[in-house]
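Chemist: Here's my sequence, what's the structure:
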Amino acid sequence: MAWRCGRFLFDWSQRRAPIVMGILNVTPDSFSDGGQFAHRDAALRHADEMIAQGAEMIDVGGESSRPGSEPLALQEELDRVMPILEVLKDAPVAISVDTYKAKVMRAAVDLGIDCVNDIWAFRQPHAIEAVANSQCGVMLMHMQKDPATMQFDPHYEDVVAEVNGFLMERCVALEDEGIARERLAIDPGFGFGKTVEHNMTMLAHFHKFCMHDMPVVAGLSRKSSLGAITGKDTQHRQTASVAAALMALERGAKILRVHDVSETIDAVKIWVATQDCL
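Modeler: A predicted model of the protein is given here:
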């Protein structure tokens, strides 16, 4: 399996380790670190820290998608993310923009950003066109409803089958528009319209998302489900986050989207060492 991601080709025929993707929220209101990196200098310092700790990707987001959040104006999102992306575009690691707005995608792609990560799975108007004529990686995530309403009584008959089916439908839609499968990565969307039980069911059966010859993203870092189980607030969920990431890795995850890069890298190193002994 290989994933074309802008300047980079991640080839798991040549590597064991997953990609550790560091989260960089340049927002005042994200659920875990809102406000910490809203200023340009703080954001860039944090990006440098995560790269030094071993992150192979940095995911830059300018709009919070926490449960109950309201949409952000286009220009405000551009003002938040573009100055950061302009500095990071030549970084020695892959740079991703976390957005669902086609105009933000297009601006980032024109800048040379390596990946677009879309919680709406490119269902918004003109989103597919914004990435079609490029070589950027494309991350499609499942979300039931929208951020403002997604946690109002989410319901599934079979959460794994329904999420899997949605993601495959979206992959076909992008492929039909000329986007090569080697550019696609899928994300089941932990916490996006799911209960604690839904999230744990998806984690237990994560291997079922990994049957399509494309990398699968595990994004459980500091999520409220981990807090519900452990009783810890967002700033004290590092251990639970690393444990969840390792469980997803054991079940086939190729991309770990995390806040706590150093701790996750250490855990991945131990996992890789054990794989080398099999």
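Chemist: longest helix in the protein, by residue count?
Modeler: helix 159-176 (DSSP state H).
Chemist: What's the first helix or strand after it?
Modeler: Downstream of helix 159-176, the first helix or strand assigned by DSSP states H and E is strand 184-187.
Chemist: relative to helix 159-176, how tilted is the helix or strand following that following strand?
Modeler: Note on strand 184-187: by DSSP H and E, the next helix or strand toward the C-terminus is helix 196-204. Helix 196-204 and helix 159-176 are oriented at 70 degrees to each other (axes from the mean of the first three to the mean of the last three CA atoms, to 10 degrees).
Chemist: Show residues contacting the helix or strand following helix 196-204.
Modeler: Later in the chain than helix 196-204, the nearest helix or strand by DSSP H and E is strand 217-218. With CB atoms under 8 Å, 6 or more residues apart in numbering as the test, strand 217-218 has contacts from 21, 139, 141, 185-187, 190, 206, 244-245, 248-249, 253-257. Bear in mind the C-beta positions are built from the backbone N, C-alpha and C, glycine included.
Chemist: Paired strands for strand 217-218, with orientation please.
Modeler: strand 255-258 (parallel) (DSSP bridges).
Chemist: With just CA atoms, put stretch 195-209 into CSV.
Modeler: Below are the C-alpha coordinates for stretch 195-209, written out as CSV (Å, rounded to 0.1, in the frame of the first residue of the first chain):
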residue,chain,number,x,y,z
THR,A,195,-21.9,7.8,21.1
VAL,A,196,-19.3,6.4,23.4
GLU,A,197,-20.5,2.9,22.4
HIS,A,198,-20.4,3.7,18.7
ASN,A,199,-16.8,4.9,19.1
MET,A,200,-15.7,1.9,21.1
THR,A,201,-17.4,-0.4,18.6
MET,A,202,-15.5,1.2,15.7
LEU,A,203,-12.2,0.9,17.6
ALA,A,204,-12.9,-2.7,18.4
HIS,A,205,-13.6,-3.5,14.8
PHE,A,206,-11.2,-1.0,13.2
HIS,A,207,-9.7,-3.7,11.0
LYS,A,208,-12.9,-3.6,9.0
PHE,A,209,-12.1,-0.1,7.8
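Chemist: Tell me the buried residues in that stretch?
Modeler: Within stretch 195-209, the residues scored as buried using 16 or more other CB atoms under 10 Å are 195, 198, 199, 200, 201, 202, 203, 206, 208, 209.
Chemist: Pretty sure residue 188 is one of the things the last one touches, is it not?
Modeler: Yes. Here residue 209 reaches residue 188: they are 5.4 Å apart, a contact under CB atoms under 8 Å.
Chemist: which strand is the longest one in the protein?
Modeler: If you go by DSSP state E, the chain has its longest strand at strand 19-25.
Chemist: Show me what that one is packed against.
Modeler: Judged by 3 or more CB pairs under 8 Å, 6 or more residues apart in numbering; DSSP states H and E, the packing partners of strand 19-25 are helix 40-53, strand 57-61, strand 255-258, helix 261-275.
Chemist: first vs last residue of stretch 110-130, how far apart are they?
Modeler: In terms of CA to CA, to the nearest Å, the two terminal residues of stretch 110-130 are separated by 9 Å.
Chemist: Over to stretch 96-112?
Modeler: Stretch 96-112 has an end-to-end distance of 10 Å (CA to CA).
Chemist: Stretch 7-24 now?
Modeler: End to end - CA to CA - stretch 7-24 spans 20 Å.
Chemist: what comes up buried for that stretch?
Modeler: Those would be 7, 8, 10, 17, 18, 19, 20, 21, 22, 23, 24, for stretch 7-24 by 16+ other CB under 10 Å.
Chemist: next one: phi and psi at the closest residue to the second one other than its chain neighbours?
Modeler: Read that as residue 8. Once flanking residues are discounted, residue 8 sits nearest to residue 94: 4.9 Å by CB to CB, 6 or more residues apart in numbering. Dihedral angles of residue 94 (phi, psi; degrees, to the nearest 10) stand at phi -70, psi 140.
Chemist: One more: the one 4 residues further on?
Modeler: The phi/psi pair for residue 98 (degrees, to the nearest 10) reads phi -100, psi 100.
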